[in-house]
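Asker: pasting the structure only:
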């Protein structure tokens with residue numbers, strides 16, 4: 001279940017009120033009553049609360065409050081105006097966090113832009129997670145992934161927002177089959193939909209579209225204009241504009257499930273882009289080095305060790321300007 005836009009907006013309003021610093025006992029009680037009115041209310045509140053916890057731990061900047069107090073000195077409504085300013089600042093943080101995801105988390109997606117932020121199933125950068133759905137479908141979520149499930153009497157549907165997920169579709173029990181007709185398994189993405197034909201397959205957000213790799217069974221791709229069935233042992237990329245050519249499956253496509261990045265004469269630029277998915281910050285490569293090749297098996301949970309191995313293996317120098325910004329340069333380059 002996913003809360004609708006109206007409910008999320010109400011949850012934001014309640015959170016702004018309670019974070020203002022001047023919420024009364026009645027305000028807290030009224031918020032609890034609102035949460036109890038409908039399961040969507042409670043769901044939206046819990047997800048928004050989890051999302052905003054890091055912000056709640058940071059008190060409003062004393063300097064801003066002091067400046068506002070000076071500016072509005074001797075005004076009978078000074079404190080009210082200051083608190084309104086603090087309240088607007090909290091609202092701005094929440095709304096930017098929620099609405100700002102439109103550009104970062106799935107351009108062109110038909111759903112509302114805040115949905116990835118409040119998705120049912122998510123992983124942080126560098127985190128993996130295993131999820132079992134009610135029909136027995138297994139989801140393995142890779143780094144920085146978000147998706148929702150929406151099962152009803154006629155369809156088993158996932159909404160994939162960003163990241164990467166390996167799916168093994170479940171077979172419904174005899175009791176489920178007796179109570180409902182066969183329910184197709186659909187994965188909706190920003191670029192089109194995928195219909196699983198009893199299968200194990202991988203879905204990944206890429207720069208230009210969606211990557212699909214099929215390990216077992218088959219998957220039908222539908223981008224709204226074309227359809228293509230992809231068989232086991234095949235992969236392709238697609239977007240709203242086109243469905244790419246079918247290619248042989250990359251045998252290392254799911255190595256991340258075992259915590260590994262496998263490189264077979266991989267260009268260094270591509271290798272660093274892959275590694276960058278598993279650490280916070282940004283790794284960049286001097287263009288002159290991008291086509292150097294690297295081979296090996298590397299642990300994804302230790303990206304700093306991998307960068308050290310790159311420096312020891314190739315004629316390059318890894319320069320860390322600060323924890324989040326790393327550049328790979330030629331040996332003689334100046335930092």
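Answerer: Perfect, I can see it now. Note that the coordinates shown come from a computational prediction; the quantities given were computed from them, not determined experimentally.

Asker: From here on, just use CA atoms for contacts and neighbour counts.
Answerer: Noted.

Asker: Name the helix or strand for residue 28, please.
Answerer: Assigning secondary structure by DSSP states H and E places residue 28 in helix 25-37.

Asker: now do residue 312
Answerer: Take DSSP H and E as the rule and residue 312 turns out to sit in helix 303-313.

Asker: Show me which residues of that helix are buried.
Answerer: 303, 306-307, 310-311 (16 or more other CA atoms under 10 Å).

Asker: Distance to residue 168 and pLDDT for those - can I get that in CSV?
Answerer: Below are the buried residues of helix 303-313 laid out as CSV (distance: CA to CA, whole Å; pLDDT from 0 to 100):
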residue, distance to residue 168, pLDDT
303, 28, 92
306, 30, 93
307, 33, 94
310, 34, 93
311, 38, 91
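
Asker: Give me the contact list for the helix holding residue 312.
Answerer: Under the contact criterion CA atoms under 8 Å, 6 or more residues apart in numbering, helix 303-313 has outside partners 275, 278-279, 298-300, 316-318.

Asker: Tell me which of those residues fall in strands.
Answerer: Taking DSSP state E as the definition of strands, these contribute 298-299, 317-318.

Asker: Show me which of the contacts of helix 303-313 is closest to residue 157.
Answerer: Ranked by distance to residue 157 (CA to CA), those are led by residue 278 at 27.6 Å.

Asker: The closest one reaches residue 128, doesn't it?
Answerer: No: counting by CA atoms under 8 Å, residue 278 sits too far from residue 128 to count as a contact (10.1 Å).

Asker: Mutual contacts of those two, please.
Answerer: Common neighbours of residue 278 and residue 128 (CA under 8 Å, 6+ apart) are residue 143.

Asker: burial of residue 234, as a residue count?
Answerer: The local packing of residue 234 (other CA atoms under 10 Å) involves 19 other residues.

Asker: Who are the contact partners of it?
Answerer: 213-215, 246-249.

Asker: which stretches of the stretch 201-335 of the chain have low pLDDT?
Answerer: 333-335 (pLDDT under 70).

Asker: can you do 90?
Answerer: Counting by pLDDT under 90, the stretch 201-335 of the chain has low-confidence residues at 207-208, 251, 264-265, 295-297, 312-313, 320-324, 332-335.

Asker: hey, where'd the strands end up in it?
Answerer: Along the stretch 201-335 of the chain, counting by DSSP state E, counting those that start in this stretch, strands occupy 209-216, 218-222, 227-231, 234-238, 247-248, 260-267, 282-285, 293-299, 317-322, 325-329.

Asker: separation between the nearest residue to residue 278 once chain neighbours are set aside and residue 259?
Answerer: Of all residues not flanking residue 278 in the chain, residue 126 sits nearest, at 4.3 Å (CA to CA, 6 or more residues apart in numbering). Separation of residue 126 from residue 259 (CA to CA, to the nearest Å) stands at 10 Å.

Asker: Ok, residue 26 next?
Answerer: 49 Å.

Asker: Looking at the two, which is more packed in?
Answerer: Taking other CA under 10 Å, residue 26 and residue 259 do not tie; residue 259 has more neighbours (16 against 9).

Asker: how about that one, what does it touch?
Answerer: So residue 259 contacts 299-301 (CA under 8 Å, 6+ apart).

Asker: Quick check: phi and psi at it.
Answerer: Main-chain dihedrals, residue 259, degrees, to the nearest 10: phi 80, psi 30.

Asker: Next one: it from residue 219, what distance?
Answerer: On the measure of CA to CA, residue 259 and residue 219 end up 26 Å apart.

Asker: One more: residue 27?
Answerer: For residue 27, the distance to residue 219 - CA to CA - is 51 Å.

Asker: which one of these two has more residues nearby?
Answerer: More neighbours surround residue 219 than the other of residue 27 and residue 219, with 26 against 14 (other CA under 10 Å).

Asker: Now do the contacts for that one.
Answerer: 194-197, 199, 201, 229-231.

Asker: What count of nearby residues applies to the nearest residue to it once chain neighbours are set aside?
Answerer: Spatial nearest neighbour of residue 219, excluding adjacent residues (CA to CA, 6+ apart): residue 196 at 4.7 Å. Counted with other CA under 10 Å, residues neighbouring residue 196 total 23.

Asker: Could you do residue 296 as well?
Answerer: By other CA under 10 Å, neighbour count at residue 296 equals 11.

Asker: partners of it in the sheet?
Answerer: Beta bridges link residue 296 to residue 263, judged by DSSP bridges.

Asker: What residues does it make contact with?
Answerer: Residue 296 touches 262-264, counting by CA under 8 Å, 6+ apart.

Asker: These into JSON lines, with extra columns for distance to residue 137?
Answerer: Shown next, in JSON lines, are these (distance: CA to CA, whole Å):
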{"residue": "262", "distance to residue 137": "27"}
{"residue": "263", "distance to residue 137": "30"}
{"residue": "264", "distance to residue 137": "32"}
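
Asker: hang on, the earlier thing: give me the buried entries from the contacts of residue 219.
Answerer: The neighbour-count test (16+ other CA under 10 Å) marks 194-197, 199, 201, 230-231 as buried among the contacts of residue 219.

Asker: Just send the residues you listed back as a markdown table, with distance to residue 137 too.
Answerer: Output for the buried ones among the contacts of residue 219, formatted as a markdown table (distance: CA to CA, whole Å):
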| residue | distance to residue 137 |
| --- | --- |
| 194 | 15 |
| 195 | 14 |
| 196 | 11 |
| 197 | 13 |
| 199 | 10 |
| 201 | 12 |
| 230 | 20 |
| 231 | 19 |
